[in-house]
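# Let me see the structure of the following:
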Amino acid sequence: MTLTDMPRSARRLAAALACVPVVLICLASPVAAASLTFGTPSATSQFGQSIDFTQPYSGATIESASILISIPNDSVTLPGIVGPEVGAVTSIGSSSLTFSLDTSSGLVSPFAPVVGQFEVVLQDGTTVDGPKIDVTYNDDRFTWKTKIGTVVRLHYIQGSDSFAQQMLSLADAGVSKAAAMFGVTETQPIDYYVYPSQSAFQDGLSEPGTVGGVALPSYRTCFAVVAPGDANYAAQVMPHEPTHIVFSDATKNPYHEPPRWLNEGFAQYIAQGYDPDSRSIVTQSVQSGSMPSLLALTNYFPLDSDRIYLAYAESVAAVDMIVGKYGKADILKLVQAYAAGSSDDQAFQAAFGVDVATFDSAFMAANNATATRYGPQPEATSAPGGAVTPSGTTPPSGTSGQTSSPTPQNRAPIYLLAGVMAVLGVVLMGVALAMVVSARGRAA
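Here you go, the predicted structure:
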């Protein structure tokens, strides 16, 4: 993800979505089980509306059916293909099954490869799986032009041929630099879709207004918003997003993702280095006492227009420190440790000989910064004089450190009430016992 130098306010517009069907034919041969035969399935997609699956069949009677749908996922916590999701099929015709996946909420990212597969239960209880149905969820609102580079395939809507070539060269250069830094070889294509306006990008990606680029490693695809001819922003965003793909290739493992600040910091460093703008943002945050710890940027970045810029600036500053203090050999150790599934502390220990918290402290000290704490504060502890005060806070002026907690003097009414209740309980138990004894005497 990168920042956009366009206006920061959200400008989501309702898109007038075209309804051009994209039909994909499954290459698998017809599948037969028992007396049921599946024909050749198909899928059509209408961007921003739905993906519709159709599965012809003949033979046995179908009692019930469902569809398994796999969608690429690039969340921080569960990257990769997650699923499949299961949908109940309510439309069972005499010769075909149909299912419509609603995509109007932005469930599926543009150009994602989606896989559907019908599963049916026959009247005798037999379960049969149909062939897989592959469909690409194309953003068919636009006519896309394509340029092929060394690794990157650039797709764009507007702009001159020469500017498109410039963007493609910047993206390929980013891949080359990142591959050299992380010690990997990139040969598989990376598709890069460039939107010409913030509204077109927002409507397609459903991202907040402070975001100007997205990388989705699960299907090796990048997106950005670059106005035609905007060479300055192109120089930042075009190499940034593919760096995320390369970083993912170098560190990918089934167990653990590297910190967000490290990933974004490397992408910023490859694209533009620790540039004057980032240095200025860091300096201002140190002076104002508003710079958070790197530990606060482990999983997510803030999305408001002030703090997100600081998050990127701080991240590239930290990576600049890594490059300057440790160098490429230790960066390779770091990348390889993550690829092996190491935790953050294990990876930093293997590469730099310190854990993440120690590195964070050294980074803050190098910038003469004191980390600002956001969010929940530490548990309350006993303050001088017996008052209870949250750690790191000062009692309000004029309270002498006292809080509203009961003191020994004002607990007396509470103790008296408790005593009365205890005596009453004993009396009631005695009455109940006497009644039981009396009843037993009459029964005898």
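
# how about the helices of the stretch 51-200 of the chain, start to end?
161-182, 198-205 (DSSP state H, counting those that start in this stretch).

# show me what contacts the spatially closest residue to Lys147 that is not a sequence neighbour?
Nearest residue to Lys147, sequence neighbours excluded (C-beta to C-beta, 6 or more residues apart in numbering): Leu154, at 4.5 Å. Heads up, the C-betas are built off the backbone N, CA and C, glycines and all. By C-beta atoms under 8 Å, 6 or more residues apart in numbering, Leu154 lies in contact with Thr146, Lys147, Ile148, Ala164, Met167, Leu168, Ala171, Tyr192, Val194.

# Among the residues you listed, which pair sits farthest apart?
For the contacts of Leu154, the maximum inter-member distance is 14.5 Å, found between Ile148 and Val194 (C-beta to C-beta).

# Among these two, which residue is more densely surrounded?
Val194 (28 against 10; other C-beta atoms under 10 Å).

# wait, what's in contact with that one?
Neighbours of Val194 in contact, by C-beta under 8 Å, 6+ apart: Leu154, His155, Tyr156, Ile157, Met167, Phe223, Ala224, Val225, Val226.

# picking up where we left off before, reformat the contacts of Leu154 into CSV and put distance to Ser361 and pLDDT next to each item.
Listed next are the contacts of Leu154 as CSV, based on distance: C-beta to C-beta, whole Å; pLDDT from 0 to 100:
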residue, distance to Ser361, pLDDT
Thr146, 48, 98
Lys147, 46, 98
Ile148, 47, 98
Ala164, 46, 98
Met167, 40, 98
Leu168, 42, 98
Ala171, 36, 98
Tyr192, 38, 98
Val194, 40, 98
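
# of those residues, buried ones?
Lys147, Ala164, Met167, Leu168, Ala171, Tyr192, Val194 (16 or more other C-beta atoms under 10 Å).

# which among those gets closest to Ser109?
Among those, and counting by C-beta to C-beta, the member closest to Ser109 is Tyr192, at 13.9 Å.

# what are the bridge partners for that closest one, then?
Leu154, Cys222 (DSSP bridges).

# Give the full set of residues in contact with Glu264.
The contact partners of Glu264, by C-beta under 8 Å, 6+ apart, come to Met1, Phe301, Ala311, Tyr312, Ser315, Val316.

# What helix or strand is the fourth one located in?
This means Tyr312. Using DSSP states H and E, Tyr312 falls within helix 307-325.

# If you count neighbours, what's buried in that helix?
Within helix 307-325, the residues that count as buried by 16+ other C-beta under 10 Å are 307-323.

# for it, packing partners?
strand 2-3, helix 260-272, helix 276-288, helix 328-339, helix 356-366 (3 or more C-beta pairs under 8 Å, 6 or more residues apart in numbering; DSSP states H and E).

# what is the orientation angle of it with helix 356-366?
Interaxial angle of helix 307-325 relative to helix 356-366 (axes from the mean of the first three to the mean of the last three C-alpha atoms, to 10 degrees): 100 degrees.

# who touches helix 307-325?
2-3, 210, 260-262, 264-266, 268-269, 272-275, 277-279, 281-282, 285, 290-292, 294, 297, 301-302, 330-331, 334, 352, 363, 366-367.

# Give me the PyMOL select line for the residues you listed, limited to the buried ones.
Selection of buried members from these for PyMOL, criterion 16+ other C-beta under 10 Å:
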select buried, resi 2+3+210+260+261+262+264+265+266+268+269+272+274+278+281+282+285+291+292+294+297+301+302+330+331+334+352+363+367
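
# one step back: most packed of the helices of the stretch 51-200 of the chain?
Neighbour counts (mean count of other C-beta atoms under 10 Å) averaged over each of the helices of the stretch 51-200 of the chain peak at helix 198-205, with a mean of 21.

# now for that one, which elements pack on it?
strand 211-216, strand 221-225.

# make it 7 Å
strand 221-225 (3 or more C-beta pairs under 7 Å, 6 or more residues apart in numbering; DSSP states H and E).
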